[in-house]
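# coordinates only, no sequence provided:
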Ligand SMILES: [Zn+2]
Ligand SMILES: [Zn+2]
């Protein structure tokens, strides 16, 4: 089968039309016709080979919303014609302890959608059936793409940390990931404090459900919230004043990191010890939790705020994201 997509031919290159052939479909594989594909910062990191694992020609795209057009003879869970989503992961071994425990996203053999294979900036993409997540009835397909990677990345920590509706929580960085976290936590029932370094976004942030916006550049404002938060989710990838945020936690509070900060995090041990606080992190989430998240989104009408570009304008979309002007996620439409 022929796939028509957009590929970078070398690191940092513009994407150009690229056609490739898929082998015969495997017994447990599904082919998905791409209707929409979200654009995630990881796509840019992979185009630029920031993580040293890109292979060229490289077709990005790992927030796919589409329709199953072909299945192998041992596929379960989905059939031709089903609407599905495909995120960061396109396959896992299905037999290791993590897979058997339902933590397929922690499988050492898992196959990322855009590492060593081609992604969703194309008319078709292939995956293992377990990662083709069925879309719940009533979902808005045009906005759902970013939920498959960014969305589940910030939803999983809410479950992992056992966040309760009565909790007072914080989200650091109200961008692509953070604005989804804010909406999830608001609908979870929490009182949500947003930490932002962009005062110009304050009204938009409050409209999305934050009860208070703290200027993360102001040590005085950070100090004013000391000891109050049960859970803080960091969505930024820069070095912060970690101690100030640990101080903002209430006793037994949890600081959870999903931003890929490259520098080591300097965490003072006493900031953890005295209040029994913990620091953790997580990647995406399991297929089952992704499905649960999508149902939660339909129930509460939670969607990322998206800007739509036609797929053939993919380079404009990439530039818009890189310029920092995207509000807040970009979706490409086929
Ligand atoms: Zn992503
Ligand atoms: Zn496995």
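Arrived safely. Everything quoted here is computed from the prediction, not taken from an experiment. Ligands and ions are numbered 1, 2, ... in the order given.

# so which bits of the chain are right by ligand 1?
Applying CB under 5 Å from the ion, we find that the chain lies next to ligand 1 at 40, 42, 149. Backbone N, C-alpha and C define where each C-beta goes, glycine included.

# my guess is residue 255 contacts residue 277. True?
Yes - when contacts are counted by CB atoms under 8 Å, residue 255 is listed as touching residue 277 (6.9 Å).

# need the helices for the stretch 1-150 of the chain, in chain order.
With DSSP state H, counting those that start in this stretch as the criterion, the stretch 1-150 of the chain has helices at 41-47, 97-100, 141-144, 150-160.

# can you report how many residues neighbour residue 197?
15 (other CB atoms under 10 Å).

# check residue 323 too.
Residue 323 has 8 nearby residues by other CB under 10 Å.

# got it, and the one 4 residues further on?
For residue 327, the number of neighbouring residues by other CB under 10 Å comes to 14.

# just to revisit the earlier point, can you lay out the helices of the stretch 1-150 of the chain as CSV showing mean neighbour count?
Formatted as CSV, these follow (neighbours: other CB atoms under 10 Å):
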stretch, mean neighbour count
helix 41-47, 21
helix 97-100, 15
helix 141-144, 20
helix 150-160, 24
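
# wait, which of those helices is closest to residue 121?
Checking those against residue 121 by CB to CB gives helix 41-47 as the closest, at 7.9 Å.

# how far out from the middle of the chain is the closest one?
13 Å (CA atoms, centre = their mean, to the nearest Å).

# other SSEs contacting it?
Helix 41-47 is packed against helix 314-322, with contacts defined by 3 or more CB pairs under 8 Å, 6 or more residues apart in numbering; DSSP states H and E.

# give the buried residues for the helix it packs on.
Using 16 or more other CB atoms under 10 Å as the test for burial, helix 314-322 gives 314, 317, 318, 320, 321.

# run through who's touching the particular helix or strand that has residue 247 in it.
If you go by DSSP states H and E, residue 247 is part of helix 242-248. For helix 242-248, the surrounding residues in contact (CB atoms under 8 Å, 6 or more residues apart in numbering) are 170, 172, 195, 219, 222-223, 225-229, 232, 234, 255, 265-268, 271-272, 277, 279.

# over to stretch 264-282?
Counting by CB under 8 Å, 6+ apart, 153, 156-157, 160-161, 239, 242-243, 246-247, 249-258 sit against stretch 264-282.

# now do 7 Å
Identification of contacts with stretch 264-282 by CB atoms under 7 Å, 6 or more residues apart in numbering yields 156-157, 160, 242-243, 246-247, 249, 251-258.

# rebuild the helices of the stretch 1-150 of the chain as TSV, extending it with mean pLDDT.
Putting those into TSV (pLDDT from 0 to 100) gives the following:
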stretch	mean pLDDT
helix 41-47	94
helix 97-100	98
helix 141-144	98
helix 150-160	98
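
# and the ones you listed: which comes nearest residue 208?
Across the helices of the stretch 1-150 of the chain, closest to residue 208 is helix 150-160 (CB to CB), at 13.0 Å.

# what residues does the stretch 101-250 of the chain have near ligand 2?
residue 107.

# give me the low-pLDDT residue ranges for the stretch 101-250 of the chain?
For the stretch 101-250 of the chain, applying pLDDT under 70 flags no range at all.

# and the strands in the stretch 1-150 of the chain?
Using DSSP state E, counting those that start in this stretch, the strands of the stretch 1-150 of the chain run over 2-8, 15-21, 29-39, 64-71, 83-86, 89-91, 111-112, 124-128, 133-134.

# ok so, going back, residue 130: which of the buried residues of helix 314-322 is nearest?
residue 314 (28.1 Å).

# could you check how far the closest one is from residue 87?
Here the criterion is CB to CB, to the nearest Å. By it, residue 314 lies 19 Å from residue 87.

# now swap in residue 266 and tell me
32 Å.

# more crowded one of those two?
residue 87 (30 against 9).

# got the contact list for that one?
Contacts of residue 87 (CB under 7 Å, 6+ apart): 62, 63, 148, 149, 152, 284, 290.

# now it, what are its backbone angles?
phi -110, psi -140 (degrees, to the nearest 10).

# ok, the residue nearest the centre of the chain - contacts?
By CA atoms, centre = their mean, the chain has its centre lying nearest to residue 150, at 1.5 Å. Neighbouring residues of residue 150 by CB under 7 Å, 6+ apart: 40, 176, 177, 180, 329.

# any idea how far the residue lying closest to it once chain neighbours are set aside lies from ligand 2?
Of all residues not flanking residue 150 in the chain, residue 177 sits nearest, at 5.0 Å (CB to CB, 6 or more residues apart in numbering). Distance from residue 177 to ligand 2, counting by CB to the ion, to the nearest Å: 26 Å.

# do the same with residue 253
Relative to ligand 2, and taking CB to the ion, residue 253 is found at 32 Å.

# correct me if wrong, but that residue is in a strand.
Yes - secondary structure of residue 253 (DSSP: H, G, I helix; E, B strand; the rest coil): part of a strand.

# quick check: it touching residue 227?
No - counting by CB atoms under 7 Å, residue 227 is not a contact partner of residue 253; they are 8.7 Å apart.
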